[in-house]
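[1] Using only what follows, build the 3D model:
(one chain, ligands or ions: 1)
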Amino acid sequence: MKKHKVSKFGGTSMANAETIQKVVDIIKGDEERKFIVVSAPGKRHDDDLKVTDLLYQLADEMIHHDKSDTFAIVRQRFDHIADELHLSFSMDQLLNQVFEEMKEHLTVDFIVSRGEYLSARILADLLGFEFIDASELLRFRGSKLDYTASHKTARKFLKEKENVVIPGFYGITSRGEVKTLTRGGADVSGAVIARAVSAKTYENWTDRDGFLMCDPRIVEDPHLIDAMSYRELRVLSFMGASVLHSDTFYPVAKAGIPINARNTFNPSCKGTFIYDVVPASKSKFVITGIAGLNDFTLVIIEKHLMDEVANFDRKVLSICEKLDIHVEHFPSGTDTFSMMIESKHLKDDKLEQLVNQIKKTMKPDTVEVLENISLISIVGRNLMANKYNMLKLFSALVNTNIIIRMIDYGSNGTNIVIGVDDIDYEYAINAVYNEFVRGEED
Ligand code: ASP
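    Next up, the predicted model:
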């Protein structure tokens, strides 16, 4: 039985002395939290700047303008943290040393990586844990993270270790150059470490309880999702709901390690668990979540005996490709072929060009255009398990007088996508939520 967790703390958790103290308490509260990964200090309030943003600014100054004014602000942020915590080393000395190294290396990646480096040094000291530099563990090939090499290196290096703090967001190339991941990449570092040490769980601590079943701006006080699959999260994130960096899933999903998204500011909440395969006992409601996107255009092409035209759909899609128009869904029926396209791809005269070219090349009977359409994805791994669920879904929508413009069954049985008019978007989400969740609450 694996007995350790990898716990990654994001920028808001590391923002100031007070939040760092909460992080310390959380780690000390569970002795299974043996591998800690951290972000650089984030925003302390809405108008604040993240340390990483300051460091990008500093890199620009140092590399292009031969100055370093922003370093004083970075220094102030870390001095402030150090003043309120009892560190066993001199923050001033460490900052001087880091500044000298920045001048020596003088690359954007090295300079911005120092936020995570300093954050990890502080936390390791407070916990009495060993600090391990990410450049010992994460390997880059050019500017891309090499997952296989990183896994092997980290696994070997961490084999006999425990109670360690590792900075997220960066690693090194075979030439010894420090490279950073894309923004928010400390999530990915944590996932690589979790796989390398075969963690029981990969905890991802932010300032949110986890994933909510719906956008709380649309549905009042929605439930937290207790458990979902990676596949369900992919669909929900694609439709706009996200807490984690999208590359986080690959390393942990591969190893079957669950991710547990949790809130540093509400540690008594168990958060959301994300599994490769969700244990059956964890399914509270038929649906897992509802997410959606507005402002799509539906182009409906009708042609008598369409099936007798060879490759009709391919020809229409190649017109889209030539116009650089990405098609989200293409539901079709007898003698009809429709395309759901994000309206932003049809700006200027693109829509007109598309319709004209379809008319010219395909000689359809009609081309109808419906604008201001929203897509709603109803996600649930058990949705298709019972045929009455579909009946419930459609009666909930019909009873609310919502016209369904399009239906697309995700063929993997995880989700169903419906298209409704933008004005019906919020009503539709509430209708589905009321039917499947409010109706089932105990
Ligand atoms: N500090 C980096 C950023 O702000 C990486 C991270 O926090 O994940 O993007």
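[2] Just want the phi and psi numbers for the residue of the stretch 151-300 of the chain found nearest the ligand.
    Minimum separation of the stretch 151-300 of the chain from the ligand (Cβ to the nearest ligand atom) falls at residue 186, amounting to 3.2 Å. Heads up, the C-betas are built off the backbone N, CA and C, glycines and all. Backbone torsions of residue 186, given as degrees, to the nearest 10, read phi -60, psi -30.
[3] Check what pLDDT the nearest residue to it once chain neighbours are set aside gets.
    Distances taken as Cβ to Cβ, 6 or more residues apart in numbering place residue 168 nearest to residue 186, at 2.6 Å, with adjacent residues excluded. pLDDT, residue 168: 98.
[4] how about residue 168, what does it touch?
    8, 37-39, 116, 134, 185-190 (Cβ atoms under 8 Å, 6 or more residues apart in numbering).
[5] just residue 116 next, same as before
    38-40, 134, 167-170, 186.
[6] Looking at those residues, which are in strands?
    38, 167, 170 (DSSP state E).
[7] The first one against residue 186, yeah?
    Meaning residue 38. Yes. Using Cβ atoms under 8 Å, residue 38 makes contact with residue 186 at a distance of 7.0 Å.
[8] Next, residue 96: secondary structure please.
    helix (DSSP: H, G, I helix; E, B strand; the rest coil).
[9] That one and the ligand: what is the separation?
    Distance of residue 96 to the ligand, computed by Cβ to the nearest ligand atom, to the nearest Å: 22 Å.
[10] Can you get me a residue count around that residue?
    A total of 12 residues lie near residue 96 under the criterion other Cβ atoms under 10 Å.
[11] Check it and give its pLDDT.
    pLDDT at residue 96 comes out at 98.
[12] now do residue 388
    You'll see residue 388 listed with a pLDDT of 89.
[13] And for it, the neighbour number?
    Residue 388 - counted by other Cβ under 10 Å - has 8 other residues nearby.
[14] how near is it to the ligand?
    Counting by Cβ to the nearest ligand atom, the gap from residue 388 to the ligand is 43 Å.
[15] do the same with residue 424
    With Cβ to the nearest ligand atom as the criterion, residue 424 and the ligand are 37 Å apart.
[16] OK, contacts around the closest residue to that residue other than its chain neighbours?
    Spatial nearest neighbour of residue 424, excluding adjacent residues (Cβ to Cβ, 6+ apart): residue 402 at 4.8 Å. Contact analysis of residue 402 by Cβ under 8 Å, 6+ apart lists 420, 424, 427-428, 431.
[17] any low-confidence regions in the chain?
    Low-confidence segments of the chain (pLDDT under 70): 1-2, 240-243, 410-411, 442.
[18] Take the ones in strands among the contacts of residue 116 and write them to CSV, including neighbour count and distance to the ligand.
    As requested, these are exported to CSV (neighbours: other Cβ atoms under 10 Å; distance: Cβ to the nearest ligand atom, whole Å):
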residue, neighbour count, distance to the ligand
38, 33, 9
167, 30, 10
170, 26, 9
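[19] Just name the closest of the residues you listed to residue 280, please.
    residue 38 (35.2 Å; Cβ to Cβ).
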